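[1] 3D, please:
(chains A and B)
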Amino acid sequence: MKLSRRKFLKSGAAGIAMLSLPGVASADAGRIKIGVIDTYSGPATIYTYGARDGFKLALSQIGYNVLGKKIEVLYRNSRYRPNIALKMAKELVLREKVDFLIGTISSAAALAVSAYAKSVKIPFFDWIAMSSKISGADGHRYVFQIEVNTDMSGKAMALAAAKERYKRYYIIGSDYEYGHAIAESFEKNLTSLRKDVEIIGKSWFRVGEPDFGPYINAILIKKPDAVYAATGGRDMVPFLKYVNFTGLYKKTAIFDYTATDTATTEALGDSMPDGIYGGAPYYFYYPKTNQNRMFVQSYKEQFKKWPVFTSPNGYITGNLLIKAIKLVGAVDKERIINAIEGMSISSPVGKVYVRAYDHQLIAPVYVGRTKKTNKYPFATAADIVTIPGDELKIPVSEVKKERGL
Amino acid sequence: MDLSTVVSYLLIGISRGMFYFVLAAGLTLILGVLKIINFAHGSLYMLGAFFMYTLIGIMGKGTGAFFLSAAAAAIAVGFISLAIEQLFLKHLYGKEHLMQMLLTYSLVLIFGDSIEMIWGTGYHTVAMPKLLTGSYSFLGAYIAKFYLLFLISGLLTVILLWLYLYKTKLGKIARAVATNRSMVDALGINADATFMYAFIIGGILAGLGGAIASPAVNITSQMGDSIIIKVFLVVTVGGLGNIWGSLIAALIFGISESFGVLIFPRFELVVPFVIAAIALILRPRGILSK
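    Okay, the predicted model is just below:
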């Protein structure tokens, strides 16, 4: 069919008019619609598929049905871009009329969707992005952070570091929101726990840096006792390759939050250096509880792969939502938000809860050191220490201060 | 800052510059001879790394297997370039630049998605051969052995390109085409074969770049995106189509980035862009322009 200019303009105008209809109509009575926005192409998928599959598992366990209503989930690929994520959030809310929004791995995208969710009063669940701004400075009634944030993970690493004898630290990281946020939390917590610790140098590389050599040299010349590496998703694996083949890990201790995560160790295989300190909100092999064993078993049956650290987040998000809808007995967003505030739920990592004030998930962090064994073809975490969520959460008074209240 | 530190950073900078040159040389050769901006250069670089990953899987992890695989990966990318040139590009010579840009850009999308379909979306790793792991240390400074790989590949590229451009008939015609196409046509020389060889050589260099970078970088379907911007910058500063200009620009970038990390760690990121800006203000047509 040949599209004339007149027709094109007409249909375009109609489309724009449709998108800009005022107000947000509620979904039809028979269905509950959920919009999921995340990066579903490229390397980030090792994490985003995990959250998505955990969520699918939770929904399939109730047959995608609650209060006699069918649950319909619409997935959108935002390709790691905040502007695309925002556009998709608008499309899902205005055209598809979703009741809830879920996403994303990118902190910048999560913050953009969160601000939009606030303006249209649609609850938004952040399930991977870790920036503490999401539930902290930029938090509000309509956003939930169902992931241990950088304030908490940085503190977990600081608690582990404080127990060691190291005094002279060097900080290196990816130059973006996550890198700075976790490094700041680590430094703040460690220097307040240990007055004798000194930060002797810092450097930041751009995200996607192709050559870490000069940075590693700078560390070697300064001869620190330990390094905190605040490497984000894309830089994690290549940074550890350099740590391995330059032999840096033999000369200094290295702390790097997601180093022990299965997604990282699996990608590195034999090139994963031993003895790197890392942490994660979850390992498929830890905690060694029945609850986790059952989760891993059903996850593996359904998706034919191991759950990664984001999988429980998807599972928890799904179950929180289902529990709240059942409790309220209707798809009433305001009452559902009230129900989730302070709600606790059992999960693969034990009982976790959503703090009422800032909607932050309070869950434990596991800290261990990488070790290659014969059990798996990749390194796992050894000597794991569990740090309970209540020891990691920052006081509500501090959140209020961040929000300028 | 003592002498040993300066020397180690200089060596890192030169190696890094040589790596940029391997990629920039192919891009600028194609630009000079074919007058095409090959957006797919980053995709060919990526293919080199993925071929390397597969070949190492077959040939094993020894040092010999590593170098054989690298050579084979580069040649395989050369064949892909041949196919691109014969099937698509050939029909677009003399057409608008926009058409050629659209073609090479569509190749970026096609290669990106094909790689995800064949190798998946995750991270892949090529182990560093034993010979190249560890660091040399001298007088308290260090240099990773791995950099030898960049240094040697860069030097080889310089020598082979020089032989091609100055000692072979094809190379001489390529230089003539780059300077004055209509004169070459008027002399009755068929420039089509020159185009084909220049495009293949460019592709082989991109593939080689991917193969030698593979043990140190993320092997993913997006690995071409970040490096290609830097390489475009090198080519622009060096003068579009000017190979030796690219060599100088690549070394300036490599060395300044390396010292940037040492001297201004907070501002290292802007160093190459500041250099590019200054170079373009002083010599808008490239470093070696007349």
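
[2] Go ahead and confirm B:Leu89 touches B:Asn38.
    No. Applying CB atoms under 8 Å as the test, B:Leu89 and B:Asn38 come out as separate, 9.0 Å apart. Bear in mind the C-beta positions are built from the backbone N, C-alpha and C, glycine included.

[3] Which positions within whichever strand or helix holds A:Asn313 qualify as buried?
    Using DSSP states H and E, the element containing A:Asn313 is helix A:311-328. Residues of helix A:311-328 classed as buried: A:311-325, A:328 (neighbour count, 16 or more other CB atoms under 10 Å in any protein chain shown).

[4] Who are the packing partners of it?
    Applying 3 or more CB pairs under 8 Å, 6 or more residues apart in numbering or on different chains; DSSP states H and E, one finds that helix A:311-328 contacts helix A:45-61, strand A:65-66, strand A:124-126, helix A:290-303, helix A:333-340, strand A:344-347.

[5] For A:Ala382, give me its contacts.
    The contact partners of A:Ala382, by CB atoms under 8 Å, 6 or more residues apart in numbering or on different chains, come to A:Gly368, A:Arg369, A:Thr370, A:Lys371, A:Thr373.

[6] Kindly apply the preceding question to B:Leu155 instead.
    With CB under 8 Å, 6+ apart, B:Leu155 has these contacts: B:Met18.

[7] Please type out the PyMOL selection for whichever of the contacts of A:Ala382 turn out to be buried.
    To isolate the buried ones among the contacts of A:Ala382 in PyMOL, judged by 16+ other CB under 10 Å, type:
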select buried, chain A and resi 368+369+370+371
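
[8] if you skip the residues just before and after it, what's nearest to the closest residue to chain A within the stretch 51-200 of chain B?
    Of all residues in the stretch 51-200 of chain B, B:Tyr123 sits closest to chain A, at 3.7 Å by CB to the nearest CB. Leaving aside its chain neighbours, B:Tyr123 sits nearest to A:Ala267 (3.7 Å; criterion: CB to CB, 6 or more residues apart in numbering or on different chains).

[9] That neighbour belongs to a helix, doesn't it?
    Yes. When DSSP: H, G, I helix; E, B strand; the rest coil is applied, A:Ala267 is found to be in a helix.

[10] correct me, but it touches B:Thr121?
    No. Look at A:Ala267 against B:Thr121 with CB under 8 Å: they stay out of range, at 11.5 Å.

[11] The two: who's more crowded?
    With neighbours defined as other CB atoms under 10 Å in any protein chain shown, A:Ala267 and B:Thr121 compare such that A:Ala267 has more, 25 against 20.

[12] May I have the residues that are in contact with that one?
    A:Ile46, A:Val237, B:Gly122, B:Tyr123, B:His124, B:Thr125 are the contacts of A:Ala267 under CB under 8 Å, 6+ apart.

[13] Recalculate using a threshold of 6 Å.
    A:Val237, B:Tyr123, B:Thr125 (CB atoms under 6 Å, 6 or more residues apart in numbering or on different chains).

[14] Looking at the helix holding A:Asn313 now, give me its mean pLDDT.
    On average, the pLDDT along helix A:311-328 is 97.

[15] Only the buried residues of stretch A:80-98, if you could.
    Under the neighbour-count criterion of 16+ other CB under 10 Å, stretch A:80-98 has A:80-82, A:84-89, A:91-94, A:96-98 buried.

[16] Wait, a strand at A:Leu74?
    Yes. A:Leu74 sits within a strand when classified using three-state DSSP.

[17] SS state for the nearest residue to it once chain neighbours are set aside?
    The spatially closest residue to A:Leu74, leaving aside those adjacent along the chain, is A:Gly35, at 5.1 Å (CB to CB, 6+ apart). Secondary structure of A:Gly35, reduced to three states by three-state DSSP: strand.

[18] and A:Gly35, what are its bridge partners?
    A:Leu74, A:Leu101 (DSSP bridges).

[19] close to chain A, is the longest helix seen in chain B?
    The single longest helix within chain B, with elements called by DSSP state H, is helix B:3-34. Yes. On the criterion CB under 6 Å from any CB of the partner chain, helix B:3-34 is in touch with chain A at B:Ile12, B:Arg16.

[20] Enumerate the positions of that helix that are buried.
    B:4-5, B:8-9, B:11-34.

[21] just so I have it, where are all the helices in the stretch 1-150 of chain B?
    Secondary structure of the stretch 1-150 of chain B (DSSP state H, counting those that start in this stretch): helices at B:3-34, B:41-59, B:63-87, B:97-119, B:147-167.
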